[in-house]
Each structure stands twice: as C-alpha cells, then as structure tokens.
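Visitor: Sequence and predicted structure below; questions after.
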Amino acid sequence: MAIKRLTEYAHGGGCACKIPPGELEAVVSGLVGGPSRGVGELLVGLDDGDDAAVVRIAGETAVVATADFFTPVVDDAYDWGRIAAANALSDVYAMGGTPVVAVNLLCWPRDLLPMELAAEVLRGGLDVAREAGCHVAGGHSVDDPEPKYGMAVTGVADPARLMRNDAGKPGVPLTLTKPLGIGVLNSRHKSTGEVSAAAVEAMTTLNRDASEAALRAGVVCATDVTGFGLLGHLHKLARASGVTARIDAAAVPYLPGARQALADGFVSGGTRRNLDWVRPHLDPGNATEDELLLLADAQTSGGLLVAGEIPGFPVVGELLPARPDKVTVEVR
C-alpha cells in the first residue's frame, strides 16, 4: 500500500483546522455560568474563553486543566507529535501554571496508515513532555478516517499568580514571545512539501521560559497565540478585559519566508475566517489586507501574548482605555 504524505490525510493542518471562533462561541454560549457543586472553587471557566480551566483545591494550590489536539501540520510523524505536545502544554503555561501530567489523545486511520507511524507521533509527544518535566500516563485512542493527535494536560498554579485574559489594564505594553508566520509556512508545506526548519523550531519550542519570565515580571494577563491568530486572541483578551488593544504592525516579528509564503498565496481558510471574525471589532488604520492576513494568521503552537514587558522579547503594542465605538483592536 502506497502511503501519501501525512498532511495529505487531513483537510486542514494544525490549529488552522479549528472550528471558526464565531461558530464556536455560539455553540458554547449556553454552557456559561450557573452554580457548580463540584470539588474546589472554579476560578477560570468558559466565561471569557481563556486558555485553560482553573480550580482552586487548597489555599495556595490550583489545578489547571486543558486539552488540545489537531490534524497533521507537518509530514514528519515525530515532529508532529512534538508540535502537538508543545501546543497542548502551552495552555498551562499561558495561565502561569506548571504541567504535571498529560494523557495522549490519538485518532488514527489504522487501515490507511501503519501503526509504526502512530508510535513515532507518540514518541515525539513523550519527548517534549519529558523536556517540560511533565509525566505522560496513558491516554485514549480511536479508529478515525483522519489522523489527529494531542494531549489532555493537568498542571498546578498559585491561584494568586494566575495569568488570565480578563486582567488587562490600560497603559500596559503588549509583548509577543514567538514570531508570527507559522500558518502560512505550514500551508506552503502542506501544498508543496517544502519544510520550514524555522517554523518547526518555533512550534516545538516550549513556552515555559516565557511563562516563567512573565511571572517573575509580575504579569497577571496573558494568552497564547494559536488557531485564532494574533488578532483573534488579542480581540478575546481586550474584550474580556474591557480595554482596546493597539498593535504596532511594524514591531511584529515574522519567521523567515512568511511574507513570501503569503505573497505566493499560501493562506489557510482558518486565517481568512479569523480576519472575518475580528473585522467588525477592528480599526485597521493604514494596514493593507496582506498585513491583516498575517496578523490573523492561524498559528500552531505559537508564542505567548503578554500584557507586560518581558526582557528579551519584543513589545508589539499596548493596551488602551476602551473605545466608545466598541473597537477592541487597533492596528497602527
């Protein structure tokens, strides 16, 4: 049996295959709020679409819980596993937590792809989890026509030092800890097979060091930049915090080759849906449509977007008082 490239078994790649944010919010809107009789105190739930759920179980201990999985974003099975694990762990880091234990989530077309490839995916995930100091203890698998992989991760955090997306204040700078452009480079890879070593390096880099630096700097507001793009995640942060966010487009860093990939037309449907969702809440200034597409580019295992300044990372904007016209994001 001839085996195609791994990305050819998926209709979309990585976080670009997420359900569009507007559709997702409509689905979960009825699940927000209401009393809970569960163990502990729910500190962060569905209300503002934060990166993970947080429950206080003791005075200075909170549990952070998240799950993330997606279709192949690269053709190398081991790298896909590494990327998916780093992406799942990122949600815990974005909340200011430390990952403790993860379980694998694997969907596999066993009649189409050899199980040896699945083992390589799992090995990649295990290696990144070990790098993070996070246990991997089993998981769940299903026979599925389309391959998917990720992790459900449980971590711990100090409830007094959480980083939430609803804690932004006017006058605070915005810091981005990884360059953008992962989405267009991954789209090029899916279409042509051309691998971007810079994109793979970015996607497999843990957000641990950036998270720890943000906590040391006293940051209380952050999110990570994944499938909804910088504009989408910034819109969610600004909306939850009741502020307006201004992005300095010239200060935003990009991976090598990202602008050329955009010029060559490698833009995912997820990226276009991101921009369509944010556009009613966006003041684009003089930014071109291409610039806006890059700012909305659907990232996979992207960096942290931090309301605060972190040494060694670029400041890309600031938070401002809320505008009366309900615009949440300005591009300048």
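Guide: Structure received.

Visitor: Please enumerate the helices of this structure.
Guide: For the chain, the helices defined by DSSP state H occupy 21-28, 77-94, 115-131, 182-192, 197-204, 208-216, 229-241, 258-263, 269-278, 289-295.

Visitor: what helices or strands is the longest one leaning on?
Guide: Using 3 or more Cβ pairs under 8 Å, 6 or more residues apart in numbering; DSSP states H and E as the contact definition, the elements that helix 77-94 packs against are strand 61-70, strand 98-108, helix 115-131, strand 148-157, helix 197-204, helix 208-216, strand 222-224, strand 304-307. Placement of C-beta: from N, CA and C, glycine included.

Visitor: how about a cut-off of 6 Å?
Guide: In this structure, helix 77-94 packs against strand 61-70, helix 115-131, strand 148-157, helix 197-204, strand 222-224, with contacts taken as 3 or more Cβ pairs under 6 Å, 6 or more residues apart in numbering; DSSP states H and E.

Visitor: Out of the ones you listed, which is the most enclosed?
Guide: Most buried of those, by mean neighbour count (mean count of other Cβ atoms under 10 Å): strand 222-224, with a mean of 28.

Visitor: Domain-wise, how is this structure divided?
Guide: Following the assignment in automatic domain parsing, the chain carries domains at 6-161, 173-331.

Visitor: can I get the ones you listed in TSV with mean pLDDT?
Guide: Converted to TSV, those look like this (pLDDT from 0 to 100):
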stretch	mean pLDDT
domain 6-161	90
domain 173-331	97
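
Visitor: Throw those domains into JSON lines and include distance to Ala167, thanks.
Guide: Below are the domains of the chain laid out as JSON lines (distance: least, Cβ to Cβ, whole Å):
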{"stretch": "domain 6-161", "distance to Ala167": "10"}
{"stretch": "domain 173-331", "distance to Ala167": "4"}
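
Visitor: could you dump the helices of the chain to a markdown table with distance to Pro314?
Guide: Shown next, in a markdown table, are the helices of the chain (distance: least, Cβ to Cβ, whole Å):
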| stretch | distance to Pro314 |
| --- | --- |
| helix 21-28 | 25 |
| helix 77-94 | 18 |
| helix 115-131 | 25 |
| helix 182-192 | 16 |
| helix 197-204 | 14 |
| helix 208-216 | 12 |
| helix 229-241 | 12 |
| helix 258-263 | 15 |
| helix 269-278 | 21 |
| helix 289-295 | 14 |
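
Visitor: Minimum distance to Gly312: which of those has it?
Guide: For Gly312, the closest of the helices of the chain is helix 208-216, at 7.5 Å, according to Cβ to Cβ.

Visitor: follow-up on the earlier one: need the winner for burial among the domains of the chain.
Guide: For these, the largest average neighbour count (mean count of other Cβ under 10 Å) is found in domain 173-331, namely a mean of 21.

Visitor: measure it end to end?
Guide: Using Cα to Cα, to the nearest Å, the end-to-end distance of domain 173-331 comes to 14 Å.

Visitor: so how far is that domain from its chain's centroid?
Guide: Per Cα atoms, centre = their mean, to the nearest Å, the displacement of domain 173-331 from the mean C-alpha position of its chain is 10 Å.

Visitor: For Leu293, list the residues it contacts.
Guide: Going by Cβ atoms under 6 Å, 6 or more residues apart in numbering, Leu293 touches Val267.

Visitor: Quick check: it vs Pro284, distance?
Guide: Distance of Leu293 to Pro284, given as Cβ to Cβ, to the nearest Å: 11 Å.

Visitor: now do Tyr93
Guide: Distance, Tyr93 to Pro284, using Cβ to Cβ: 30 Å.

Visitor: cool, Pro20 as well?
Guide: Applying Cβ to Cβ, the value for Pro20 to Pro284 is 20 Å.

Visitor: With Asp325 instead?
Guide: In terms of Cβ to Cβ, Asp325 sits 14 Å off from Pro284.

Visitor: Val27 versus Ile19, what's the distance?
Guide: Counting by Cβ to Cβ, the gap from Ile19 to Val27 is 8 Å.

Visitor: still on that earlier bit, a markdown table for the helices and strands packed on helix 77-94, including distance to Ala10?
Guide: Output for these, formatted as a markdown table (distance: least, Cβ to Cβ, whole Å):
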| stretch | distance to Ala10 |
| --- | --- |
| strand 61-70 | 9 |
| helix 115-131 | 13 |
| strand 148-157 | 8 |
| helix 197-204 | 16 |
| strand 222-224 | 22 |
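
Visitor: Contacts only, for the residue lying closest to Ser187 once chain neighbours are set aside.
Guide: With Cβ to Cβ, 6 or more residues apart in numbering as the criterion, Ser187 has its nearest non-adjacent residue at 4.0 Å, and that residue is Phe266. Going by Cβ under 6 Å, 6+ apart, Phe266 touches Val184, Ser187, Arg188.

Visitor: switch the cut-off to 10 Å
Guide: 183-192, 194, 258, 260 (Cβ atoms under 10 Å, 6 or more residues apart in numbering).

Visitor: That'll do, ta.
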